[in-house]
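K.L.:
Everything below, folded, please.
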Amino acid sequence: MDDWGDELPVINIEQVNQRFDKGSERMAAIERGLGGTTRELGQSLTELAKTRQELNELKQQLADLLDFFGAMQGAFKVLRWLGMLAKPMAAIVALGVALIGAWNAAKGITPK
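P.N.:
Below is the predicted model:
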């Protein structure tokens, strides 16, 4: 009888051995499946580590590229400021040259 009072069928030694053999075969199949899964998991982890390293390298390259673009943006601002200063400076220099030319003409000095 089992724990609930039900009658259990009579099992002979051969039936018990057959059940143990089937259980052993089933357990061996499960272990083989787990072995393949473990290898696949190891390969996946290796690939994940490689991918993570490549992503870190890519992140560093992208950060360097963004720094470069930031520096170039600053350089273009400076060049724009110099361009804004160049127009008035050119007018001032042209005025100076014209005044010097007029002064020299008034004094009668000719360029050599």
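K.L.:
for residue 93, helix, strand, or coil?
P.N.:
Classification of residue 93 using DSSP: H, G, I helix; E, B strand; the rest coil returns helix.
K.L.:
what's the burial count for it?
P.N.:
Counted with other C-beta atoms under 10 Å, the neighbours of residue 93 add up to 10. Every C-beta, even on glycine, is put in place using the N, C-alpha and C of the backbone.
K.L.:
cool, the one 3 residues further on as well?
P.N.:
A count of neighbours around residue 96, defined by other C-beta under 10 Å, yields 10.
K.L.:
And the helices in this protein, which stretches?
P.N.:
Along the chain, counting by DSSP state H, helices occupy 13-107.
K.L.:
so where's it uncertain?
P.N.:
Counting by pLDDT under 70, the chain contains low-confidence residues at 1-2, 6-11, 35-36, 110-112.
K.L.:
what do you get if the cut-off is 90, keeping everything else the same?
P.N.:
Along the chain, the model assigns pLDDT under 90 to residues 1-48, 82-88, 101, 103-112.
K.L.:
okay, now residue 84: neighbour count?
P.N.:
Neighbours of residue 84 under the rule other C-beta under 10 Å: 10.
K.L.:
Check residue 51 too.
P.N.:
Neighbours of residue 51 (other C-beta under 10 Å): 10.
K.L.:
With residue 29 as the reference, measure out to it.
P.N.:
For residue 51, the distance to residue 29 (C-beta to C-beta, to the nearest Å) stands at 33 Å.
K.L.:
One more: residue 40?
P.N.:
17 Å.
K.L.:
same thing with residue 58?
P.N.:
43 Å.
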